[in-house]
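A.B. asks: Quick one, what's the 3D model for this:
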Amino acid sequence: MHYKVSYDPQNEMIITVGGSEALYLAATALLDPGDEIIIPTPCFVSYQAETVLAGGVPVEIPCRYEDNFDVDPQAVAAAITPRTRAILVSFPNNPTGAVASRERLLEIARLAEEHDLIVISDEIYDRLVYSGHKHVCFSALPGMKERTILIGGFSKHYAMTGWRIGFAAGPAAILTGLLRIHQYTVMSAPTMAQSAAVTGLKEGEEYIQEMVAEYDRRRRLIVGGFNQIGLPTFEPKGAFYAFPKISVTGLDDETFATRLLQEENVAVVPGNAFGKGGEGFVRCSYATAYEKIEVALGRIERFVNRL
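C.D. replies: Prediction:
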């Protein structure tokens, strides 16, 4: 509906226990021992772990602050080896809020086709995009539906995190492998969660739009606040995270996060938790009340001024 790509629900989709199960299924079905998945970082903390659990090897490609954390096709190309099985992309991105450009995703698509690779595209935040930016669905790119495993769900834009309902979509020949694992692992996603998801699809659109507008308001507050404090923060175009650069304080990300929690009772996540590309940053969620963000920014400013 949104991206002009469609799937047969009987043969090309699996309803999963959140997007995390879809990721597990994709890695387990695709990888033989020693196979490699190229993973741009910073990224969601499960990507490397799921690859290792499936017997594979995660190959990290750091994205750069100077490049708005967009994916670097040249770095991806340089990382491809005879053992490469897949490229895992995740936009809008957790933890950076980056939204990949169509031009660069087309380059990734070209590499996937040239080297006969599968692309695992985690698009769980696809509806949370701001300021006129557009999300690009990877499987909607020319020729990519047949080599893409699309991961999505209801946790974010339907605010159904605890319901644990997601999906994997892709060509029937690939989805068959995921289904074999799914049916012996969880049997099925909870029936109540599936019913709630259907209600969300039918009745939730106006609420999604309201939520996006409110997240955008909080996004502008937190990004402007960090830049004013002196913590360089690029504009996150999606998801609900800001990723300020804290290396300018002279502290590493873990020390910064620990001291901020101990001294000002503000919790952030050290950037190195999200892979090599996250070192020197911290992740800050703005999925909380506007007023709480204002208080947190005041405390962070006080903390930074003491350094």
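A.B. asks: For the stretch 151-300 of the chain, which segments count as helices?
C.D. replies: Applying DSSP state H, counting those that start in this stretch to the stretch 151-300 of the chain gives helices spanning 172-185, 191-203, 205-229, 253-264, 290-306.
A.B. asks: May I see the buried residues of the last one?
C.D. replies: What it means is helix 290-306. The neighbour-count check on helix 290-306 (16 or more other Cβ atoms under 10 Å) flags I293, A296, L297, I300, E301, F303, V304 as buried. (Each C-beta comes from the backbone N, C-alpha and C, glycine too.)
A.B. asks: ok, now how distant is E263 from V52?
C.D. replies: 35 Å (Cβ to Cβ, to the nearest Å).
A.B. asks: same question but for N227, I mixed them up
C.D. replies: In terms of Cβ to Cβ, N227 sits 37 Å off from V52.
A.B. asks: Which residues are in contact with the closest residue to W163 other than its chain neighbours?
C.D. replies: In space, and not counting its chain neighbours, W163 is closest to A193: 4.3 Å by Cβ to Cβ, 6 or more residues apart in numbering. Contacts for A193 (Cβ atoms under 8 Å, 6 or more residues apart in numbering) come out as M160, W163, R164, I165.
A.B. asks: between the residues you listed, which is closest to I15?
C.D. replies: I165 (7.0 Å; Cβ to Cβ).
A.B. asks: Give me the nearest residue to that closest one, chain neighbours excluded.
C.D. replies: Closest residue in space to I165, ignoring its immediate chain neighbours: A193 at 4.2 Å, by Cβ to Cβ, 6+ apart.
A.B. asks: Ok, G166 next?
C.D. replies: G153 (3.1 Å).
A.B. asks: okay, that neighbour: pLDDT?
C.D. replies: Turning to G153, the model gives it a pLDDT of 96.
A.B. asks: start the count at 55, not 1, going forward
C.D. replies: Will do, 55 is the new start, and the previous item becomes G207.
A.B. asks: hang on, the earlier thing: reformat the helices of the stretch 205-354 of the chain as CSV; add distance to I91 and mean pLDDT.
C.D. replies: Converted to CSV, those look like this (distance: least, Cβ to Cβ, whole Å; pLDDT from 0 to 100):
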stretch, distance to I91, mean pLDDT
helix 226-239, 15, 95
helix 245-257, 28, 95
helix 259-283, 30, 97
helix 307-318, 25, 98
helix 344-360, 35, 97
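A.B. asks: Out of the ones you listed, flag the one nearest I162.
C.D. replies: helix 226-239 (17.8 Å).
A.B. asks: separation between D121 and A222?
C.D. replies: Taking Cβ to Cβ, one finds D121 at 29 Å from A222.
A.B. asks: Neighbour count: these two, which is higher?
C.D. replies: A222 (28 against 12; other Cβ atoms under 10 Å).
A.B. asks: For the more buried one, give me the pLDDT.
C.D. replies: On the pLDDT scale, A222 gets 98.
A.B. asks: Next up, the contacts around it.
C.D. replies: So A222 contacts M67, I68, T70, A76, L79, A80, I203, L204, I205, L229, L232 (Cβ under 8 Å, 6+ apart).
A.B. asks: Look up which residues are beta-bridged to it.
C.D. replies: Residues in a beta bridge with A222, per DSSP bridges, are I68, I205.
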